[in-house]
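A.B. asks: Need a 3D model of the sequence below.
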Amino acid sequence: MRRVLVVGSGGAGKSTFAARLGAATGLPVVHLDAAFWRPGWVEPAEGEWQRIVADLVARDAWIMDGNFGGTLDVRLAACDTAIFLDRSRWLCLLRIFRRLLRYRGRSRPDMAPGCAEGFDLEFLRWVWNFPTKSRPQVVAKLAAAAATRRVVTLRSDREVDRFLSGAARG
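C.D. replies: Numbering: from 1, shown residues only. Have a look, this model is predicted:
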């Protein structure tokens, strides 16, 4: 594993998993939320974001976590391993509420500076609808990528821990 993509619903644990995998492997971690957002939750221009992602995936080695469906094809084409954290909507929502309580009014470590954590109904709707709206597209893209890349789906904390334990052993 030299270029690892981590995807899943909001609240699935992508950033935490990526950080743990980075610690286990020594690979650099790229949090797409930190690369995408500008202070005050301002989005970059469309062309600018495409250039940023192209620069990020051109690096020799990385663990990259995040969704941003508009760039999934580019990231899948560049990775050698794709990990899908396929977690229940209820667990994801619970984790989001915990995160909100922990970081309310402050930026998370995996987020761009100046992007304070706060309640976002639109984001919660996206997470609630992820299993029916976004997940089928992600699963299809991962299935297509599986012909030329390692694709791993992790559905539980036990599976996550087992995978990370194996990664630490090399």
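A.B. asks: Going by C-alpha atoms from here, please, whenever you check contacts or count neighbours.
C.D. replies: Will do.
A.B. asks: For T153, the count of nearby residues, please.
C.D. replies: Using other CA atoms under 10 Å, T153 is surrounded by 18 other residues.
A.B. asks: Quick one: residues contacting it.
C.D. replies: For T153, the contact set (CA atoms under 8 Å, 6 or more residues apart in numbering) comprises I83, F84, L85, D86.
A.B. asks: Show me where the chain has its strands.
C.D. replies: Remark: strands assigned in the chain by DSSP state E are 3-8, 29-31, 62-65, 81-85, 150-154.
A.B. asks: So which of the contacts of T153 wins on neighbours?
C.D. replies: L85 (24 neighbours).
A.B. asks: sorry, back to before: now tabulate the strands of the chain in CSV and tack on mean pLDDT and distance to W49.
C.D. replies: Output for the strands of the chain, formatted as CSV (pLDDT from 0 to 100; distance: least, CA to CA, whole Å):
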stretch, mean pLDDT, distance to W49
strand 3-8, 98, 17
strand 29-31, 97, 14
strand 62-65, 98, 15
strand 81-85, 98, 21
strand 150-154, 98, 25
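A.B. asks: Out of the ones you listed, flag the one nearest G105.
C.D. replies: strand 29-31 (19.8 Å; CA to CA).
A.B. asks: Which of the contacts of T153 sits closest to A146?
C.D. replies: I83 (11.0 Å).
A.B. asks: Report the beta-bridge partners for the closest one.
C.D. replies: Residues in a beta bridge with I83, per DSSP bridges, are V6, V152.
A.B. asks: Which neighbouring elements make contact with the top helix by length along the chain?
C.D. replies: Counting residues, the longest helix in the chain under DSSP state H turns out to be helix 89-103. Under the contact definition 3 or more CA pairs under 8 Å, 6 or more residues apart in numbering; DSSP states H and E, helix 89-103 sits against helix 121-133.
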